[in-house]
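Q: Dropping the sequence and predicted coords here.
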Amino acid sequence: MTDTSLPCGDILSAMRQKNPLVQCITNDVAMNIAANVLLAAGASPAMVSAEEEAGEFAGLAGAVTINIGTLWAGGVAGMREAARAATAAGIPWVLDPVAHYATGFRRKAIAELIALNPTIVRGNASEIMALAGETARGQGVDSGDSARSAQAAATALAQRQHCIVAVTGDVDFVTDGARSIDIEGGSPVMPKVTAIGCALTCLVGACVAVAPGQPLEATVTALGLFAVCGEDVGRRAQGPGSFQPLFLDALHAIDSVQFVSNLRVKVL
Amino acid sequence: MTDTSLPCGDILSAMRQKNPLVQCITNDVAMNIAANVLLAAGASPAMVSAEEEAGEFAGLAGAVTINIGTLWAGGVAGMREAARAATAAGIPWVLDPVAHYATGFRRKAIAELIALNPTIVRGNASEIMALAGETARGQGVDSGDSARSAQAAATALAQRQHCIVAVTGDVDFVTDGARSIDIEGGSPVMPKVTAIGCALTCLVGACVAVAPGQPLEATVTALGLFAVCGEDVGRRAQGPGSFQPLFLDALHAIDSVQFVSNLRVKVL
Amino acid sequence: MTDTSLPCGDILSAMRQKNPLVQCITNDVAMNIAANVLLAAGASPAMVSAEEEAGEFAGLAGAVTINIGTLWAGGVAGMREAARAATAAGIPWVLDPVAHYATGFRRKAIAELIALNPTIVRGNASEIMALAGETARGQGVDSGDSARSAQAAATALAQRQHCIVAVTGDVDFVTDGARSIDIEGGSPVMPKVTAIGCALTCLVGACVAVAPGQPLEATVTALGLFAVCGEDVGRRAQGPGSFQPLFLDALHAIDSVQFVSNLRVKVL
């Protein structure tokens, strides 16, 4: 089922070999699991977010990821500096618009950030639909819409923003506005593990850091790695608690051949 | 031993069915485990705490929980906004006064928060005794007093504040100032898992969100769920590290019938 | 191989008996695991960092630990207050200079903190070499140098600062500038678990809190406990995910006799 023209195995191998430095500006719930996901998968995370250094540090990083989950005023300033510095230096950056529709404070922050031209936007269906201007049914940070229902919105958003858009859910969807790809796999336990989507955003950063000219393929690689490892672990875990350590073990243990042979992506 | 007049099984079922949105303003140690506890048990956590949005978001939530564990000046402002908005909108809110007696900064913050009329206060024995004006022997964030010794203080505090007061420890105690309930269970491993009490405060919020007119019963349900699952897992875990994933699995797996049949509550 | 003149077993026993209160000012990635490490090992952690209370709280603590991992402007102010109060009260304090060489903001903060006379400095090889004025090859928060290559830098730094310096890596190295000690053990999985070094810094604080006149020996005890438990768990864990719960269990289960009999330290 996998389209073998996608270089997902090569991107995973390159990440392990190059151990890219990824500057993760993420929320306080996700900090620990996001860093552990990157270390397990083969990247080098650095949680550097203060306004005083976020821009300077971005110049050292292979990619920057920005997540507004636990937003505060000082945090927005650091995000702005990092996004500007990344764009100025040609470093890819990834935006995770957590619950951006929920309050005026978030709507203002996301408008400012998306204007700084993210390379990739990753969100759940409700977040992507709301970003595209559609009505969404999210509750707090949780999606109220299926990933399938957000495909048209994702495509429109990618075309408008000239960026990659990824919608994660029961079936993931990635598009650059012209080409679109479905990724199957994962587990129904995953939405019961907090901040696993936020950690995935950081892993997208790790993949695009080693494939900066292939943001679509890098995004599919990261989402595919979560889909393959999540499906495997979901069969073995006893619940959301035991899922997490097993999932980190799986991200660490899987090699490129196993990954590609279990990856189920479809070019639409 | 369980008083079957208490609707604890019904409240657990309602939480799973309604998946309430709970705004958790908690400390930086507790963020991840609190969100995971709520997801595993069946609620939808949102860690929204900034002054600019905490009040607005409270209007969307089924309950608000406020914990002063890692207090900072900007955090107090967000807590104040959320507590005021919840009270104004008739939304229940839960206060966790972590180590409120330790410094002048904390004493000032807790005086302000308790004046905003929490629906429920949950703390350890030292915290509740100090809130009631008694001398307590807490060390930092850990209780130096037994839960039993705090019963009179809890009752006096409940009467003075017209709220529910819960003291957690070897035997938990919940009171509205007139009715009082003991809850047995749990495990001596639990105090060795950081922030598990803070996560429980968030679960109290999830229960009262689906039973807003029954704050006493909702509090007993949340504490009872921790007591039942904690006792079960405490027997199987090899230590505080393996306790945590097993505990999340247990919170996710238990159904209302198993819960009620293992619950040991006593109306005093 | 162990030099039996070192009182490491006694310091571990004293920590379990006295349950010292350790004020941990650490980064947002490390908060949860650091608190869990201290609870499992036998200490009482308190994450108190705000400028308004950090100095006052230091007067209650047995030791203070300061880590600049997720630095922000308000955080520096709290660190300064805590370090000053600890030094003024004769309370030992431990400095963890995470990636201090990476940005101007960090370089300024670390210069200010090191001038406040830490009792102990713990870092990876790149951090210690850069603190001593040597050229280091760190990438973000990860060391690019071997622990062995940092021994001369550590000794020079200890002599200049009149403090204990600990370099952790494949073989740990501790020195007061005159006496030097190697510690063998650990596991290659440990650098794949985020913030485990930050948690170790907090455990150094817990050991020196019960042996304030023996900072060298206390540091060796903490590092030795991680080396012994890490080596044991590294053999059994399936990867970095399962390592963490097993490691906390091992820290909780080990007794002084087991610890000393598996400790491999060498006075150089």
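A: Sure, I can see it. Numbers count the residues shown, from 1 in each chain, chains lettered A, B, ... in the order given.
Q: Close to chain B: what parts of the stretch 101-250 of chain A are there?
A: For the stretch 101-250 of chain A, the contact set with chain B under C-beta under 8 Å from any C-beta of the partner chain comprises A:102-106, A:139-142, A:191-195, A:237-242, A:244-245. All C-beta spots, glycine's among them, are computed from the backbone N, C-alpha and C.
Q: From these, list just the buried residues.
A: Using 16 or more other C-beta atoms under 10 Å in any protein chain shown as the burial test, those include A:102-103, A:105-106, A:139-142, A:191-195, A:237-242, A:244-245 as buried.
Q: Of the residues you listed, which belong to helices?
A: Secondary structure defined by DSSP state H assigns A:105-106, A:240-242, A:244-245 of those to helices.
Q: List just the nearest of those to residue B:83.
A: residue A:105 (17.9 Å; C-beta to C-beta).
Q: Would you mind listing the residues in contact with that closest one?
A: Shown in contact with residue A:105 (C-beta atoms under 8 Å, 6 or more residues apart in numbering or on different chains): A:71, B:50, B:52-53, B:56.
Q: Could I get the contacting residues of the residue of the stretch 101-250 of chain A found nearest chain B?
A: With C-beta to the nearest C-beta as the measure, residue A:241 is the residue of the stretch 101-250 of chain A nearest to chain B, at 2.8 Å. Contact analysis of residue A:241 by C-beta under 8 Å, 6+ apart lists B:36, B:40, B:244-252.
Q: For ChimeraX, write a command that selects the buried ones of the residues you listed.
A: Applying 16+ other C-beta under 10 Å to the contacts of residue A:241, the buried members can be selected in ChimeraX as follows:
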select /B:36,40,244,245,246,247,248,249,250,251,252
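Q: element containing the residue nearest the centre of chain A, please.
A: With distances taken as C-alpha atoms, centre = their mean, chain A has residue A:201 as the residue nearest its mean C-alpha position (2.1 Å). Here residue A:201, judged by DSSP states H and E, is contained in helix A:196-210.
Q: what about that helix, near chain C?
A: No: contact of helix A:196-210 with chain C (C-beta under 8 Å from any C-beta) is absent, the minimum separation being 11.2 Å.
Q: Now do that helix: which elements does it pack against?
A: Where contact means 3 or more C-beta pairs under 8 Å, 6 or more residues apart in numbering or on different chains; DSSP states H and E, helix A:196-210 is packed against helix A:8-18, strand A:21-25, helix A:31-41, strand A:63-67, strand A:93-96, strand A:120-124, strand A:164-168, helix A:215-236.
Q: The contacts of residue A:105: which two are farthest apart?
A: Pairwise distances across those peak at 12.4 Å for A:71 and B:56 (criterion: C-beta to C-beta).
Q: Name the residue in these two with the higher neighbour count.
A: residue A:71 (24 against 17; other C-beta atoms under 10 Å in any protein chain shown).
Q: which ones are touching the more buried one?
A: Per C-beta under 8 Å, 6+ apart, neighbours of residue A:71: A:27, A:105-106, A:109, B:50, B:53.
Q: One more pass at 6 Å, please.
A: Residues in contact with residue A:71 (C-beta atoms under 6 Å, 6 or more residues apart in numbering or on different chains) are A:109, B:50.
Q: Over to it. Which of the three states is it?
A: Following DSSP: H, G, I helix; E, B strand; the rest coil, we place residue A:71 in the coil state.
Q: Just the pLDDT for it.
A: Note on residue A:71: pLDDT of 96.
Q: how about it, phi and psi?
A: Torsion angles at residue A:71 (phi, psi; degrees, to the nearest 10) stand at phi -70, psi 140.
Q: in the stretch 1-150 of chain A, which ranges drop under the pLDDT threshold?
A: Applying pLDDT under 70 to the stretch 1-150 of chain A picks out residues A:1-4.
Q: Kindly recompute the last result at 50.
A: Low-confidence segments of the stretch 1-150 of chain A, defined by pLDDT under 50, are absent.
Q: Residues of it that sit close to chain C?
A: Applying C-beta under 6 Å from any C-beta of the partner chain, we find that the stretch 1-150 of chain A lies next to chain C at A:21, A:28, A:31-32, A:35-36, A:39-40, A:44, A:46-47, A:50, A:52-53, A:56-57.
Q: Widest-spaced pair of those residues?
A: Pairwise distances among the residues of the stretch 1-150 of chain A next to chain C were taken by C-beta to C-beta; the largest, 30.1 Å, belongs to A:40 and A:52.
Q: where does residue A:133 land in three-state SS?
A: What three-state DSSP gives for residue A:133 is coil.
Q: mind listing what it touches?
A: Residue A:133 touches nothing, counting by C-beta under 6 Å, 6+ apart.
Q: Count residues in the vicinity of residue A:134, would you?
A: Residue A:134: 16 neighbours (other C-beta under 10 Å).
Q: Which per-residue confidence value corresponds to the closest residue to residue A:188 other than its chain neighbours?
A: Spatially, and ignoring its direct neighbours in sequence, residue A:188 is nearest to residue A:234 (7.1 Å; C-beta to C-beta, 6 or more residues apart in numbering or on different chains). pLDDT for residue A:234: 98.
Q: Would you mind confirming that residue A:234 is in contact with residue A:186?
A: No: applying C-beta atoms under 6 Å as the test, residue A:234 and residue A:186 come out as separate, 7.1 Å apart.
Q: Neighbour count for those two, which is higher?
A: Just comparing residue A:234 and residue A:186: by other C-beta under 10 Å the higher neighbour count belongs to residue A:186, 23 against 17.
Q: What separation is there between the more buried one and residue A:197?
A: Computed as C-beta to C-beta, to the nearest Å, the residue A:186 to residue A:197 distance reads 11 Å.
Q: With residue A:54 instead?
A: From residue A:54 across to residue A:197, the span is 22 Å (C-beta to C-beta).
Q: These two: which is more packed in?
A: Between residue A:54 and residue A:197, counted using other C-beta under 10 Å, the more crowded position is residue A:54 (27 against 24).
Q: List the residues that contact the more buried one.
A: By C-beta under 6 Å, 6+ apart, residue A:54 lies in contact with A:78, A:81-82.
Q: Let's see that with 10 Å instead.
A: A:23, A:25, A:48, A:64, A:66, A:75, A:77-86, C:103, C:105 (C-beta atoms under 10 Å, 6 or more residues apart in numbering or on different chains).
Q: Check residue A:98 too.
A: By C-beta under 10 Å, 6+ apart, the residues touching residue A:98 are A:26-27, A:29-30, A:67-71, A:106, A:110, A:123-124, A:127, A:138, A:140-141, A:195, A:197-198, A:201, B:46-47.
Q: let's go with 6 Å and repeat that
A: Counting by C-beta under 6 Å, 6+ apart, residue A:98 touches A:67-69, A:141.
Q: out of those residues, who has the most neighbours?
A: When the contacts of residue A:98 are compared by neighbour count (other C-beta under 10 Å), residue A:67 ends up highest, at 29 neighbours.
Q: and it, what are its bridge partners?
A: Assessed by DSSP bridges, residue A:67 has beta-bridge partners residue A:96.
Q: From what I see, it and residue A:96 are in contact.
A: Yes: with contact defined as C-beta under 6 Å, residue A:67 counts as touching residue A:96 (3.9 Å).
Q: which ones are touching the residue lying closest to residue A:149 once chain neighbours are set aside?
A: What sits nearest to residue A:149 in space, not counting adjacent residues and going by C-beta to C-beta, 6+ apart, is residue A:125, at 6.1 Å. Applying C-beta under 6 Å, 6+ apart, one finds that residue A:125 lies in contact with A:143, A:145-147, A:150, A:167, A:169.
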